[in-house]
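Novice: here is a sequence together with a model predicted from it:
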Amino acid sequence: MMRFRTSVAALAAFCATAASSAPPKAPEPCLSRAEAVGFISWAMPGLISGVVGRCRPLLPGDAYLTRSGDDLANRYRANSAAAWPTARSAIGKISGGSIPTTLGDDTVRTLAEAGITAALTGKIKASHCGMVNRILEVLAPLPAANMSGLITVLIEIGSRTKQNSNFTICPDD
């Protein structure tokens with residue numbers, strides 16, 4: 001989960017419009033559960049595709065990600081587009097301001113997905129691919145909404161136990 005928050009921070013830095021001499025960072029933003037679920041629902045297909053691309057060469061031919069990783073990403077992609085407006089709002093909160101409108105929605109979406117995917121998959125060690133493969137195989141039967149909900153709960157737990165998270169889930173939301 002820390003890697004996920006780190007990737008969101010990288011995207012937030014990209015989207016931030018403040019000058020580099022900005023005052024110290026304010027407390028982490030609070031996302032509603034709906035915003036967090038929307039963000040995760042939107043980001044999940046790109047993240048899964050990135051994990052497949054990173055780990056496929058390192059896994060045996062009969063591994064879940066090798067056989068079915070692309071299908072899993074495509075299955076979750078159906079919910080991704082509908083979640084984009086909520087995800088865009090969450091990205092704006094995480095970045096500490098609004099996303100520049102001059103970029104255009106398609107550009108923002110493409111850059112955000114690429115940034116998050118690169119930040120996360122770049123930190124996956126080769127030795128972790130087997131574990132990631134097993135986790136995704138076990139969770140693959142979940143519908144996209146349930147997977148997003150589960151990840152949101154895990155982020156909520158993690159953000160409440162760490163002082164250093166990039167965002168939190170609003171308490172009692």
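Specialist: Ah, there it is. Residues are numbered from 1 along each chain as shown.

Novice: what about the spatially most central residue of the chain, which helix or strand?
Specialist: The residue lying closest to the centre of the chain (Cα atoms, centre = their mean) is residue 43, at 4.8 Å. In the assignment (DSSP states H and E), residue 43 maps to helix 33-55.

Novice: tell me the gap between the helix or strand just after that helix and the middle of its chain.
Specialist: Counting by DSSP H and E, the element after helix 33-55 in chain order, helix or strand, is helix 64-95. Its chain's C-alpha centre and that of helix 64-95 lie 8 Å apart, by Cα atoms, centre = their mean, to the nearest Å.

Novice: for helix 64-95, packing partners?
Specialist: helix 2-15, strand 30-31, helix 33-55, helix 105-121, helix 129-139, helix 144-161 (3 or more Cβ pairs under 8 Å, 6 or more residues apart in numbering; DSSP states H and E). No exception for glycine: its C-beta is placed from N, CA and C like everyone else's.

Novice: mean confidence for it?
Specialist: Averaging pLDDT along helix 64-95 yields 92.

Novice: if we can go back for a sec, quick one: average pLDDT of the helix holding residue 43?
Specialist: 94.

Novice: buried stuff in it?
Specialist: When neighbours are counted by 16 or more other Cβ atoms under 10 Å, the buried residues of helix 33-55 are found to be 35-52, 54-55.

Novice: which other helices and strands contact that helix?
Specialist: Judged by 3+ Cβ pairs under 8 Å, 6+ apart, the packing partners of helix 33-55 are helix 64-95, helix 105-121, helix 129-139, helix 144-161.

Novice: pull the distance from that helix to the chain's centre.
Specialist: Distance of helix 33-55 from the chain centroid (Cα atoms, centre = their mean) equals 5 Å.

Novice: neighbours of residue 126, how many?
Specialist: Residue 126 has 11 neighbouring residues, counting by other Cβ atoms under 10 Å.

Novice: meant to ask about residue 93, not that
Specialist: That count, for residue 93 with other Cβ under 10 Å as the rule, works out to 18.

Novice: hmm, it is touching residue 35, no?
Specialist: Yes - using Cβ atoms under 8 Å, residue 93 makes contact with residue 35 at a distance of 7.0 Å.

Novice: any idea which of the helices and strands packed on helix 33-55 gets closest to residue 30?
Specialist: Closest to residue 30 of the helices and strands packed on helix 33-55 is helix 64-95 (Cβ to Cβ; 7.9 Å).

Novice: angle of the closest one against helix 144-161?
Specialist: If you take axes from the mean of the first three to the mean of the last three Cα atoms, to 10 degrees, helix 64-95 sits at 60 degrees to helix 144-161.
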